[in-house]
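>>> predicted coordinates and the sequence they were generated for:
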Amino acid sequence: MIEATAVHTPTAWHVTHWSEDPYSLGAYSTLAPAGTPLHRAMLGECLGGRFVLAGEACNTAAPAMAHGAWDDGLRAADLALDAGAQRVIVIGAGCAGLAAAGRLKAQGVDCIVLEARGRIGGRTHSVDLNGAKVDEGAAWLQFFDENALAEKAQDYVLVTIETDFSQPLAAARDGSVPDVDGAWAALLAGLDRRLSLASAVEHYMTGLDAGQARATRYAIEGHLLLEAGLPLPELSVCALDEEGVGHGDRMLPNGFGQLTQRLAQGLDIRLNSPVSRIDWAGDKVRVDDEQGDFCICTVPLPVLKTLAFNPPLPEVQQQAMAHLAMGRLEKVVLQFEHRWWPRSPSGYLRWYDTPASWGEWLDLTDALGTPTIVGLIAADAVERQYAGRTDEQIALAACEALRAWAEAVQSSR
């Protein structure tokens, strides 16, 4: 049994605030009620042969993923090339913007990238914590064998480490861990998809006994809410079908930033250049004071809604945005003098808390050579754990969740 007094105070921590970041306002896109993958495709339709929205939100094959953003940036660049554009304005230097600009530059097209932040990478960003590089945004090269960014990482000979998400060291606050995967499979098979997601789940749960209901609740929290980042009433039934982690996913122990820095080399990127207005009314596109033949806008969904468009975005894009939403997912990175928690062979931990808190953890100790662990929290659990707290208080609350998980693991052995 780990005594509360024996838990080490972290020597360093980092707490993310993506939901408050004015240039992201959330973590990644998800499907809102009645939303379907078709709405993603609709969002990315080319407008007037000179303007397109791009990014992970427009990608039906790999939404909410860094390589999904990259692939969609390439799609947008191809639209600009097909239009015969000679000068292209790309808005945003995240993975989508870097992909678009890189392809255009390779084809000899004059291209500038306007980035609001003072750095590149968008929702990929590596920070330094006592000499260790940790990612506050995207951290994994998911579906590695099908991932174009993974191919780039291999070309650059970057070190990657596989994470086996199928083998977590799991524990639950209120007893032994049930068959969560079995409960998830049963839910997917038994859900009435004619209903809204929240109603369908409620209807399904009424037919379960207490043990089945508990397992199903944990399945929803672990397999859906941690992936989509929103509570059930704010999600579409189709969100069940958008996969998160894949097979053979790998992380970059030296940070995702090393990859985006390589991808940005040689590009004309203008930092600290926020955009407020996009005028695509004429033959040219004007983005604030810049003018081009074509514009590729890669800003996240909520930020897109803050921009002024002339003419306004067509009904197709308006409808698409109404059926898409931004998930809430945050991280806390904790460093200690010693690894005091049980070691997971896969480095992956699951904590089924009541109510849900930091449900997913990745132990980076072996990869970084210093006791470091990252906790993820999503959906309405973010508000419960973040509201009214300083970063230090949030970090200590996460540490308490880790302690409770460690106690539960030890008591089950």
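Sure thing, it's come through.
>>> which residue ranges of the stretch 51-200 of the chain form strands?
For the stretch 51-200 of the chain, applying DSSP state E, counting those that start in this stretch gives strands covering 51-53, 87-91, 110-114, 126-129, 132-135, 140-141, 161-162, 169-172.
>>> can you redo these as a markdown table with distance to residue 385 and mean pLDDT?
Just so you know, the C-beta spots here come from the backbone N, C-alpha and C atoms, and that holds for glycine as well. Written out in a markdown table, the entries for the strands of the stretch 51-200 of the chain read as follows (distance: least, Cβ to Cβ, whole Å; pLDDT from 0 to 100):
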| stretch | distance to residue 385 | mean pLDDT |
| --- | --- | --- |
| strand 51-53 | 33 | 98 |
| strand 87-91 | 33 | 98 |
| strand 110-114 | 35 | 98 |
| strand 126-129 | 20 | 96 |
| strand 132-135 | 19 | 94 |
| strand 140-141 | 23 | 94 |
| strand 161-162 | 28 | 90 |
| strand 169-172 | 18 | 97 |
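>>> could I get these in JSON lines, plus columns for distance to residue 213?
Converted to JSON lines, the strands of the stretch 51-200 of the chain look like this (distance: least, Cβ to Cβ, whole Å):
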{"stretch": "strand 51-53", "distance to residue 213": "41"}
{"stretch": "strand 87-91", "distance to residue 213": "46"}
{"stretch": "strand 110-114", "distance to residue 213": "50"}
{"stretch": "strand 126-129", "distance to residue 213": "40"}
{"stretch": "strand 132-135", "distance to residue 213": "35"}
{"stretch": "strand 140-141", "distance to residue 213": "31"}
{"stretch": "strand 161-162", "distance to residue 213": "34"}
{"stretch": "strand 169-172", "distance to residue 213": "14"}
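>>> mean neighbour count added to those strands, as CSV?
Written out in CSV, the entries for the strands of the stretch 51-200 of the chain read as follows (neighbours: other Cβ atoms under 10 Å):
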stretch, mean neighbour count
strand 51-53, 25
strand 87-91, 26
strand 110-114, 22
strand 126-129, 17
strand 132-135, 21
strand 140-141, 28
strand 161-162, 14
strand 169-172, 22
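>>> nearest to residue 312, out of the ones you listed?
Checking the strands of the stretch 51-200 of the chain against residue 312 by Cβ to Cβ gives strand 51-53 as the closest, at 12.2 Å.
>>> distance from the chain centre to the closest one, please.
How far strand 51-53 lies from its chain's middle: 22 Å, per Cα atoms, centre = their mean, to the nearest Å.
>>> out of the strands of the stretch 51-200 of the chain, which comes closest to residue 155?
In this view, the strands of the stretch 51-200 of the chain are compared for proximity to residue 155 by Cβ to Cβ, and strand 140-141 is the closest at 12.7 Å.
>>> give me the helices and strands touching that closest one, please.
Identification of packing neighbours for strand 140-141 by 3 or more Cβ pairs under 8 Å, 6 or more residues apart in numbering; DSSP states H and E yields helix 148-155, strand 250-251.
>>> ok, and what's touching it?
The contact list for strand 140-141 (Cβ atoms under 8 Å, 6 or more residues apart in numbering) reads 66-67, 147, 149-150, 153, 160, 163, 245, 249-252.
>>> any chance you could list what contacts the helix ranked longest in the chain?
Determined from DSSP state H, the single longest helix within the chain is helix 391-411. Applying Cβ under 8 Å, 6+ apart, the contact partners of helix 391-411 are 1-2, 4, 7, 9-10, 13, 15, 169, 171-173, 332, 334, 340-342, 349, 351, 353, 357-358, 361, 373, 375, 377, 385-386, 389.
>>> among those residues, which lie within strands?
Applying DSSP state E to these, the entries found in strands are 13, 15, 169, 171-172, 332, 334, 349, 351, 361, 373, 375, 377.
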